[in-house]
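1. just coords:
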């Protein structure tokens, strides 16, 4: 179904916009501001990519309808002496297809300012005016035989073929299966471990923790399935590890099961595969802090060893003679000064 709307005197609202719907789901959109047709679901994006001319037809048709709607709404406002205020002209059109018996039913009708205005009878190829204000419009449009035949052809033949194509595309897309990436996440070494699955389709899936092959129902917290921006889904389940001994971690694993798929994804509870952004309170990662401490201890041991070795090989200079004491004292000060300067 196509839903088209033209407006006049409505602030902060496009003068013209259109939507394409399949089984009440919006699959495409156009308005006078963006001036292009935008697919709204993944299977329609794929169809437009496979058939670029289909997208081009939509853009051209929307622009053509925009001019027609503007002229029609201006004509109605003048004829009804309603040139001020806000006015809205709407059209819904399309076709219905019964898969069981193959029946096709086309329709097109207009509304003006929220009320039924005029509708097309495809059997008689005449316009029906439930609103007395539309009688003059009916008389004029009934004489446009070329337009009537065009509408009949599109609503009975072209649109029905498109609808069947859309249904097939949507089914093939919706019946696909996308496997997720599954990760173990943890905020701090003592916090719960989250098993997170994302990028799967459809949303009929299960994610759970096991111990010794048996599903856990205690010390777990499952988050509902959520949609991703690309049409896939994500979910997670938390495991409280506060009461699990380190030696028992190997007994636990996380399992992802997609409905209708035999293969499952299993990730064992293992510190080496857990992803975390945790850092120590000082602001440095715990591993880096430990490395620095070990490095400083090794450096201290090296300095201490060097000091003991120099003492054993050179000994201490005597300090009880004035000339030699002055000379040796100056030398020691220079060496000490040189070491301090080099350290900086």
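-> Structure's in. What do you need? As the structure is a computational prediction, the values presented were derived from the model and not from experiment.
2. got any ranges where this structure has weak pLDDT?
-> Scanning the chain for pLDDT under 70 picks out the ranges 279-344.
3. and the residue sitting nearest the centre point of it, helix, strand or coil?
-> With distances taken as C-alpha atoms, centre = their mean, the chain has residue 229 as the residue nearest its mean C-alpha position (1.6 Å). At residue 229 the chain is in coil, as set by DSSP: H, G, I helix; E, B strand; the rest coil.
4. same deal with the one 5 residues further on?
-> In three-state terms, and counting by three-state DSSP, residue 234 is strand.
5. That one: neighbouring residues, count only.
-> For residue 234, the neighbour count with other C-beta atoms under 10 Å is 19. (C-beta placed from N, C-alpha, C; glycine too.)
6. Pretty sure it sits against residue 205.
-> No: in this structure, residue 234 is not within contact of residue 205 by C-beta atoms under 8 Å, at 9.9 Å.
7. tell me, what's touching these two both at once?
-> Counting by C-beta atoms under 8 Å, 6 or more residues apart in numbering, the shared contacts of residue 234 and residue 205 are 180, 197, 225.
8. In contact with the second one: list those residues for me.
-> Under the criterion of C-beta under 8 Å, 6+ apart, the neighbours of residue 197 are 180-182, 205, 207, 234-236, 256, 265.
9. Kindly write the ChimeraX command that selects the buried subset of the residues you listed.
-> Remark: buried members of the contacts of residue 197, expressed as a ChimeraX selection using 16 or more other C-beta atoms under 10 Å:
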select :180,182,205,207,234,235,236,256,265
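10. Out of the contacts of residue 197, flag the one nearest to residue 80.
-> For these, the minimum distance to residue 80 (C-beta to C-beta) is 53.2 Å, reached by residue 234.
11. OK, contacts around the closest one?
-> 180, 196-200, 225-228.
12. Swap in 10 Å and give it another go.
-> Residue 234 makes contacts with 180-181, 196-200, 203, 205, 207, 223, 225-228, as judged by C-beta atoms under 10 Å, 6 or more residues apart in numbering.
13. same deal with residue 217?
-> 208-209.
14. now the shared contacts of residue 234 and residue 205 as a markdown table including secondary structure and distance to residue 129?
-> As requested, the shared contacts of residue 234 and residue 205 are exported to a markdown table (DSSP: H, G, I helix; E, B strand; the rest coil; distance: C-beta to C-beta, whole Å):
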| residue | secondary structure | distance to residue 129 |
| --- | --- | --- |
| 180 | coil | 56 |
| 197 | strand | 57 |
| 225 | strand | 50 |
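15. This protein: helices as residue ranges?
-> Secondary structure of the chain, counting by DSSP state H: helices at 42-50, 52-79, 135-142, 145-153, 159-174, 286-314, 322-343.
16. Quick check: residue 215 touching residue 239?
-> No: counting by C-beta atoms under 10 Å, residue 215 stays clear of residue 239, with 12.0 Å between them.
17. joint contacts of those two?
-> Residues touching both residue 215 and residue 239 by C-beta under 10 Å, 6+ apart: 208-209.
18. Check which residues of stretch 18-32 are buried.
-> Buried positions in stretch 18-32, judged by neighbour count with 16+ other C-beta under 10 Å: 18-20, 22, 27-32.
19. and what of stretch 116-125?
-> 117-120, 122.
20. Cross those residues against strands and list the overlap.
-> Mapping the buried residues of stretch 116-125 onto strands (DSSP state E) picks out 117-120.
21. how much space between residue 195 and residue 271?
-> Distance of residue 195 to residue 271, given as C-beta to C-beta, to the nearest Å: 14 Å.
22. More neighbours: the two, which one.
-> The neighbour comparison of residue 195 against residue 271 (other C-beta under 10 Å) goes to residue 195, with 24 against 12.
23. Look up the residues forming beta bridges with that one.
-> Residue 195 has these beta-bridge partners by DSSP bridges: residue 184, residue 237.
24. got the contact list for it?
-> 182-185, 207-209, 220, 222, 235-239, 253-256, 267, 269.
25. and residue 246, what does it touch?
-> Going by C-beta under 10 Å, 6+ apart, residue 246 touches residue 271.
26. Specify the beta-bridge partners of the residue nearest to residue 32 when sequence neighbours are not counted.
-> Distances taken as C-beta to C-beta, 6 or more residues apart in numbering place residue 16 nearest to residue 32, at 4.3 Å, with adjacent residues excluded. For residue 16, the beta-bridge partners are residue 6 (DSSP bridges).
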